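> Sequence and predicted structure below; questions after.
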Amino acid sequence: MPSKFLFSLLPCVRMVETESSFLKNGSILLEDLIASCEGKSSPIRTYSADELVKATNNFDPSFIISEDLSFKLFRGLLDDRSIIIKKYLHWPSEAEARSMAIRDIIISMQMSTHKNALKLSGCCLEFSLPALVHEDAAKGALDCHGGLGDTRSLPWKTRLLIATKVAHALANLHTAFPRLVIHRDLKPTCIFLDDNYSPKLSNFSLSITIPPKQFHVEDVVKGTYRYADPTYIATGYITEKTDVYSFGVLLLVFLMGRKIRAVDKSAVVEDLTSYVDANILREVRADEQAQQQLQAFLALALLCTQDGRESRPCMTDVAKELVRIEKSILHC
């Protein structure tokens, strides 16, 4: 009899936990929205935990399309359409994970109007940690093309187009909002591709804002090895040039078609030279204009990854240069 009584109470316990999570997550989200968006933000749909559980067959591992230390991405079906659900894990701690999830929601909301950002459809506040619901990107993350950062299956012109559109999304992140926002963890796994190979920038969980009238902010070092700005690693100072360095590394990845083996500049350049000669130049050997594009692209990548921040361009100028390269305005 007692066991039956306890069993009958389980739905009530779950309901209390769900309501408690909703109130806790909702209050923090609202507080951060007011602080980050100056009280102005576009409304988004709130999903119930039951809806997301049903969409993913109770978060069945077979629905996972990508994962990180702090979250798992599931592809589910909701209202007869495919969606991506981002479910955060209790890492490195519940408080930190909640902060990352809410930051991701807020910046994803702000970026959702940009055509090259992964649109946020809504969120669920009923789990212990908030979950994000994104539009689907049919071809998945960029790293799905043969491994982390592997773009060898993509033609050179497609890589160039992806790089150009990501640059515009990142420049928008830096300039379109009341406070300058730094992504801080740009890498191939943050970029999704739709049916037309159009990129969608995502994962703003480590993003940070720079206060008005300031040029940098100091914080503990976070990010991904090989993509993180060495100046930021050494000083803890974050500026818009922190993202520029990471984007430059991403350009090198696009150029080589795979992840970079080493951070050492001489090793990277040596690796690049042999790979480009053996692969991409062969692809565009008969196309003089494409070879010019390639050389300009490499020069831009190396400029973005200069050791001194003052030598790196801003993302707006990087985006303009990539448009110039894409249109082959490279006449002598």
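Received, thanks.
> only C-alpha atoms for contact and neighbour calcs from this point on.
Fine.
> can you map out the strands along the chain?
Here the chain has its strands, by DSSP state E, at 45-46, 64-67, 71-78, 81-88, 120-124, 131-135, 180-182, 191-193, 199-201, 208-210, 217-218, 237-238.
> would you turn these into TSV with mean neighbour count, distance to residue 318 and mean pLDDT?
Converted to TSV, the strands of the chain look like this (neighbours: other CA atoms under 10 Å; distance: least, CA to CA, whole Å; pLDDT from 0 to 100):
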stretch	mean neighbour count	distance to residue 318	mean pLDDT
strand 45-46	13	35	90
strand 64-67	16	29	92
strand 71-78	20	30	96
strand 81-88	22	30	97
strand 120-124	23	26	94
strand 131-135	23	28	97
strand 180-182	23	15	96
strand 191-193	23	18	95
strand 199-201	27	16	97
strand 208-210	19	20	95
strand 217-218	13	22	96
strand 237-238	20	19	97
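> is it possible to export those strands to a markdown table including distance to residue 325?
Below are the strands of the chain laid out as a markdown table (distance: least, CA to CA, whole Å):
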| stretch | distance to residue 325 |
| --- | --- |
| strand 45-46 | 40 |
| strand 64-67 | 32 |
| strand 71-78 | 34 |
| strand 81-88 | 33 |
| strand 120-124 | 31 |
| strand 131-135 | 30 |
| strand 180-182 | 25 |
| strand 191-193 | 21 |
| strand 199-201 | 18 |
| strand 208-210 | 30 |
| strand 217-218 | 33 |
| strand 237-238 | 29 |
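> so what's residue 229 up against?
Going by CA atoms under 8 Å, 6 or more residues apart in numbering, residue 229 touches 242, 243, 245, 246.
> run the last query once more with 7 Å
Contact analysis of residue 229 by CA atoms under 7 Å, 6 or more residues apart in numbering lists 242, 245, 246.
> For it, give its distance to residue 93.
25 Å (CA to CA, to the nearest Å).
> go on, residue 58?
From residue 58 to residue 93 the distance is 23 Å (CA to CA).
> again with residue 57
In terms of CA to CA, residue 57 sits 26 Å off from residue 93.
> How about residue 105?
Distance, residue 105 to residue 93, using CA to CA: 18 Å.
> More neighbours: these two, which one.
Shown here are residue 105 and residue 93; by other CA atoms under 10 Å, residue 105 has more neighbours (25 against 11).
> got a pLDDT number for residue 235?
On pLDDT, residue 235 comes in at 96.
> before we move on, the earlier item: for residue 165, state which of the contacts of residue 229 is nearest.
Taking CA to CA as the measure, residue 165 lies nearest residue 246 of the contacts of residue 229, at 15.4 Å.
> quick one: contacts for the nearest residue to the closest one once chain neighbours are set aside?
Leaving aside its chain neighbours, residue 246 sits nearest to residue 227 (4.9 Å; criterion: CA to CA, 6 or more residues apart in numbering). Residue 227 makes contact with 187, 246, 249 under the criterion CA under 7 Å, 6+ apart.
> Same question for residue 322.
By CA under 7 Å, 6+ apart, the neighbours of residue 322 are residue 164.
> And it, how far from residue 122?
Distance from residue 322 to residue 122, by CA to CA: 32 Å.
> Quick check: pLDDT value at residue 42.
Listed pLDDT for residue 42 reads 63.
> Ignore what I typed, I meant residue 304.
Residue 304 is given a pLDDT of 95.
> now do the one 10 residues further on
Reading off the per-residue confidence, residue 314 sits at a pLDDT of 98.
> Let me see the contact set for it.
241, 244.
> can you rerun that using 8 Å?
240, 241, 244.
> Tell me the spacing between the closest residue to residue 191 other than its chain neighbours and residue 294.
Once flanking residues are discounted, residue 191 sits nearest to residue 201: 4.8 Å by CA to CA, 6+ apart. Note on residue 201: its distance to residue 294, by CA to CA, is 23 Å.
> ok, back up a step: quick one: the residue nearest to residue 191 and residue 165 touch, right?
No: taking contacts as CA atoms under 8 Å, residue 201 lies outside contact range of residue 165: 9.2 Å.
> Name the residues contacting each of these two.
With CA under 8 Å, 6+ apart as the test, residue 201 and residue 165 both reach residue 116.
> For residue 85, see how far away the nearest residue to residue 116 once chain neighbours are set aside is.
Closest residue in space to residue 116, ignoring its immediate chain neighbours: residue 200 at 4.5 Å, by CA to CA, 6+ apart. Per CA to CA, residue 200 is found 15 Å from residue 85.
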